[in-house]
Structure formats: structure tokens, C-alpha cells
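>>> Predicted coordinates and the sequence they were generated for:
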Amino acid sequence: MEFFRVYGRVIGQLRDERALAIWLAVANVAVAALQFYEPVLFGKVVDLLTTSKGRPAEELWADAVALLALWAAIGLGGIIANMVVSLQADRMAHRRRLGAMARYFEHVLVLPFAFHNSQHSGRLMKVMLSGVDNLFGIWLSFFRENLATFVALFVMLPLSLFMNWRMGLLLIVLIVFFAISNAWIVSRTDRLQAKVEEHHSELASHAGDALGNVALIQSYVRLRAEAGELHRIIGQVLSAQFPVLNWWALLSVLTRAASTVTVILIFVMGTWLHTRGEASVGEIVSFMGFATMLIGRMEQASGFVSRVFFQMPVLAEFFRVLDTQSTVKERADARDVGRVRGEVEFDNVSFSYDGKRPALVDFNLRIPAGTKVALVGPTGAGKSTTLSLLHRMWDPQSGTIRIDGIDHREIRLDSLRRNIGVVFQESAMFYRSIGENLRIGKPDATQAEMEAAARLAEAHDFIALQPEGYATMVGERGATLSGGERQRLSIARALLKDPPILILDEATSALDSVTEARIQSALKTLMKGRTTLVIAHRLSTIRDADLVVVFERGRVVESGPYAELVARGGAFARLVATQQTGTESASSWRAKGGEKGVAAPWRRAAVRL
Ligand code: ADP
């Protein structure tokens, strides 16, 4: 059953502290078992008093004191042991909660773009936070309640049958009723609750999406529309949640009523047995103690099942994300190749995102180390796909990509990506200082190295003008900087990384001529001595390329040096003519490339210059 599978998996998450978890479980069982002795003592005291007639007072006192002392010792010992064990369990639950969060975080960060393109980050965040909170809650219940319930079922129930089988049978009927009614309500409501959770995730996606696009909402006066959409989803959450609540309220009424009826029946049966001389008052009192304890445990278990039931869809989604395997798998024997020379070869590479429509077909290209290749062609032709394949955002369905003659799947992913620098068209920035954003290129870079890279990237001057220089925060996704500034920072970052292979996705937006000149000069510095693959939108910037490759619908239609292709009068010559004459305005062509951005997530945000 799904419930037990998820529950087992949640408890299995404690495996990192297995020894302590087992120790705590055993200690909890011992403490719980100790508590069950109290009703027995209670019954013994009652029996002592009811049969005291005619016994000398001193003897009675001696027996009573012995019993009460034992009771006090067990009661107080139990409280102290319980406190010690609970404290350790709570500490462990806190540690494991943060551990699970770290595991999820690290796992999600290495999942490929294919996964991230299909999930909103707001949703992933929500799944992480509510997932670990639910894990935490179940762990606490496991130690505090579930084990005691387990002991109650497997120790108290046989014991009660042994004490009085007729009254014990009543308890068994009650427990069966609890189990059946819980299973019935779960089966009636599990699909409904999954729907509720879907709406909750939609809510998180929508809120995350809106909060990440405040500028868009304000400039397009979308506040009312976005808030309206949020309220619509809230409405869906509530109308899906209410029927589930009704069913569980019904369960609560049924189980409580059954408990009350059982207690009354036990009394009736006890009285009947007592009148026939088959049960003493003490036995009846002990049994009632047992019964109320057991019923309390059952009600607690029922509450726990309902709580976990509401959390199941969240936990299932949490585990689904954790189970998502990267489509770009690292081989067990993958190796670190150190710093490569930079020769790149595509050998008959074909790729399709959906397995149906080809994005790249039989692509062949050999790029000698240190040379510059420009990829050109209309939007959707396959240029970004080619570059994504090179640094293994995806793996091709067929063909091989080699770096220095080594199949790049034989290279460890971190080693491969350390050798490749990427300057995105829309430069990604962390919500951190300029210095920290630069240092991701080289974490141990000194201030002098960082400044030198920034100077080469024509970025030092504007950084120096920032209120706190290199320590200035750049806002979420670099929002406090212009597009040109962000680009120069990302060039400086790539310079610090100093990779032998470079992937450039040239900016599509029109830059003012001064910024453009600065970026071009920074890029020239960056490209020097590196194998460079550049997606060129402005054809004028690739005159010095060693090779120009023209793509159309995933296929190479032409390739050769710039001048040769122009002279040939083919597809490339037509592209150049289009940009020069402006028949189809160059900027509109470039803008199309900038807007699409499916294969290139760095194109998502609008460029601000
Ligand atoms: P270019 O960079 O030349 O504009 P792309 O390599 O981005 O072209 O796209 C090639 C083809 O693959 C296009 O048809 C595009 O719609 C499709 N495509 C790109 N990214 C994805 C993706 N993540 N999922 C599905 N299809 C995609």
C-alpha cells in the first residue's frame, strides 16, 4: 500500500544516523512498555483496598507503601527516561531535516536543463520546504507516538486477552473497526488530496513566477490580473480541500463514537462478570486503564494516519524529484582530463529534444585548438543546441563529440565543464556582490587578479563607480546593472576561469556604439588563444572567424571562411545581404533570436542596457 511505502521511505531517510536511530527506537519501546505497567499497579492497589477488611492496619500499610513506591519509581523513572530519549530524537530530527534539504538542493542543482525547463523554480522550492517539514513531523511522531502504538498493539492487546478474553475481544473489535474505517476514508479521499496538492504547487509556481517578474507586472499594469489569477487558484485549492475535510471529520466522529461505545460495553461486561464472581473490581479497573490507554493510542494513530495522508502528495513529489535521474549520466570510469588543448570534433552528431522533431542532423565539424568558429543561421536552426551538446546539457542520440580526441562522455562532467567557458547572451548573476559574482570563475582569485580580469573585460571603470566597488550587491539576477555591464562582468568571470574552450552566445539586442565597441574589445581579449564557438547574430562581428558554419533546420547548409561564403553567393551571402540592406531588418532578426530562448535558458529575461 502506498501509505506504508511512503512511510517506510520517510523512516529510511534516517539511515545516515542508523545506529542512533535504532538505539532511540529501542529506548522508546522500553519507555512505552514501562508505562503499560501503571494500570496493572493501579488495579493491584484497588484490589488491596477492596480486600482489606479484617487485615491489620500495619500489614495493609506495608503492602500499600511497597506498591505505591514501585509505582512512583516507575512513573518518575519513565518521565526522566522519556525526556532524555525525546530530546535526542528531536535533535536528530532537526539534523536530518536540514540534511534532507541539503540532499534535495544538491540533487536538483545537478539535474539537467531538460528537467529545469519543465519545472518552475518556485514549485521546486515549495516541494523542498514542505517536503522536509513533513519528513520532520513524521520522524517526531515515529519516536514519540508510533513506536508506543506499536507496543500497545503487540503487547497490550495479547495481555488484555490474557487478563480477560471476553473484554479483550471487545478491544479487538474496536481496533479492527479503526483499521477498516481509516482505510476506507483514505481510499475515498487520496485522489482528491492529490488534486489539492497539485493546486498548491500551481499556487507556488504562479506566486514564484509573478514575484520574479515584478517589473513586467508593473509596466504592463498586470497587478489586478495576476492577483485575480492567484485568487482563482486559491479558490480551486479550497473547493478541492473541503470535501476531503468533510470525509475526515466523518471518520473522526465514527472512531470517537466507537471508542465511547466500547468503553461503555467493557463496563457492562465487567459488571456482568463481577456479579457472577468472575472478575474482581481491581481486574476491572486494570482492564479499564488498559482499554483507555489503548484507545488513546488508537486515536493518536488514526490522527497520525490522517496527517500523513494530507502530506502524502507532497512527500510523493519530494521523492519524485529526488528519484529523477539525470539524463546526462556520468560514467563510472569517467576521468579528469586536466586542462585540454581545445581541439573539438563533432562526429555525425544527431539530436532531438522530443525524439521526433530533429534539432540537429548528422553534424560534422572539426575545430583545431585555438581557432574561432561562427555558427550562423535563422532562429531555431540548431545553433544553441549544438553548443548545449558540447558542454553536455544534453547527450546526442547518435554520434560522438570529442575533445582533444577523447569522447567527451569519458570525461568527468566537472572536468569537462572546467575546460569550457560560457558567456551567455543574457548574463546570469547571483544575488551577491560583484566580487562574489566574478569569483565564481575562480574561487581563489586574489583581488588583484579579479581587478586585472575586470580591466581586460572593460568592466573595472563601472565597478569602481559603484557605491561599494567590488563589494556592491548586484540585485536579484543582476537587476541593478545594465545589460552591457552584466555582459562585461560575465566576460571578466570567463577570463578568470581561463578555459581553453569558449562558447559565446552573442548579444542580440542593439547596444549603443560605445558599449558595443567595449564589449567587442573585451570579447577579443577573451577569445585570444582559445577555441571559440560563437553564435553570431551580427554578421559584421565574425569577419575574422576561421570558419563560418551556416545552419538551417538542424543541418549545415554551408561552411567556409567568411569571404569565401560571401563570394559563393549562397545562403550566407543572402543573410549578409539581408542584414546590410535591412530588407528584413537585422535588429528584428536578432530580436527573434533573443526572444525564443527555449534551448538557451539564459535568453529568458529581457536585456536591459
Ligand atoms: P537556434 O539556436 O539556432 O535558434 P535552437 O538550437 O535553439 O536554435 O533550436 C533548434 C530546434 O530545437 C528548434 O526547433 C527549437 O524549437 C527546438 N528546441 C530548442 N530547445 C528546445 C527544448 N528545450 N525543448 C524542445 N525543443 C527545443
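The structure has been received and is ready for your questions. Just so it is clear, the model here is predicted, and its values are computed rather than measured. Numbering: from 1, shown residues only.
>>> Quick check: phi and psi at residue 366.
Backbone torsions of residue 366, given as degrees, to the nearest 10, read phi -120, psi 120.
>>> number of nearby residues for it?
13 (other Cβ atoms under 10 Å). For glycine as for every other residue, the C-beta is placed from the backbone atoms N, C-alpha and C.
>>> Surely residue 556 is in a helix?
No - looking at residue 556 with DSSP: H, G, I helix; E, B strand; the rest coil, it is strand, so not inside a helix.
>>> show me the contacts for it.
Going by Cβ atoms under 8 Å, 6 or more residues apart in numbering, residue 556 touches 363, 364, 365, 549, 550.
>>> Between all of these, which two are separated the most?
364 and 550 (14.1 Å; Cβ to Cβ).
>>> now the strand or helix carrying residue 92, how far from the centre of its chain.
Assigned by DSSP states H and E, residue 92 falls within helix 57-110. Chain-centre distance of helix 57-110: 32 Å, with Cα atoms, centre = their mean, to the nearest Å.
>>> Buried residues in the helix or strand following it, which are they?
Going down the chain from helix 57-110, the next helix or strand is helix 113-117, by DSSP H and E. Across helix 113-117, burial judged by 16 or more other Cβ atoms under 10 Å covers 113, 115.
>>> Show me what whatever helix or strand comes next after helix 113-117 packs onto, helices and strands only.
As assigned by DSSP H and E, the chain's next helix or strand after helix 113-117 is helix 121-141. Packing contacts for helix 121-141, counted by 3 or more Cβ pairs under 8 Å, 6 or more residues apart in numbering; DSSP states H and E, involve helix 2-12, helix 57-110, helix 165-211, helix 281-323.
>>> give me that answer again for 6 Å
helix 57-110, helix 165-211, helix 281-323 (3 or more Cβ pairs under 6 Å, 6 or more residues apart in numbering; DSSP states H and E).
>>> Go through those and pick out the most buried.
helix 281-323 (a mean of 19; mean count of other Cβ atoms under 10 Å).
>>> after it, next one along is what?
Next along from helix 281-323, by DSSP H and E: strand 344-352.
>>> Tell me the strands beside that next one, with direction?
Within its sheet, strand 344-352 is paired with strand 358-367 (antiparallel), strand 398-403 (antiparallel), according to DSSP bridges.
>>> Out of those strands, flag the one nearest residue 165.
strand 398-403 (72.5 Å).
>>> Now do the closest one: everything it contacts.
340, 344, 345, 346, 347, 348, 349, 350, 407, 408 (Cβ atoms under 6 Å, 6 or more residues apart in numbering).
>>> Can you list the strands that the helix or strand following that strand pairs with?
Helices and strands here follow DSSP H and E; after strand 398-403, the next one along the chain is strand 406-407. Sheet partners assigned to strand 406-407 using DSSP bridges are listed as strand 398-403 (antiparallel).
>>> model confidence over the partner strand, on average?
Averaged over strand 398-403, pLDDT sits at 94.
>>> Thought residue 37 was touching residue 289, still the case?
No - under the contact definition of Cβ atoms under 6 Å, residue 289 does not touch residue 37, with a separation of 10.4 Å.
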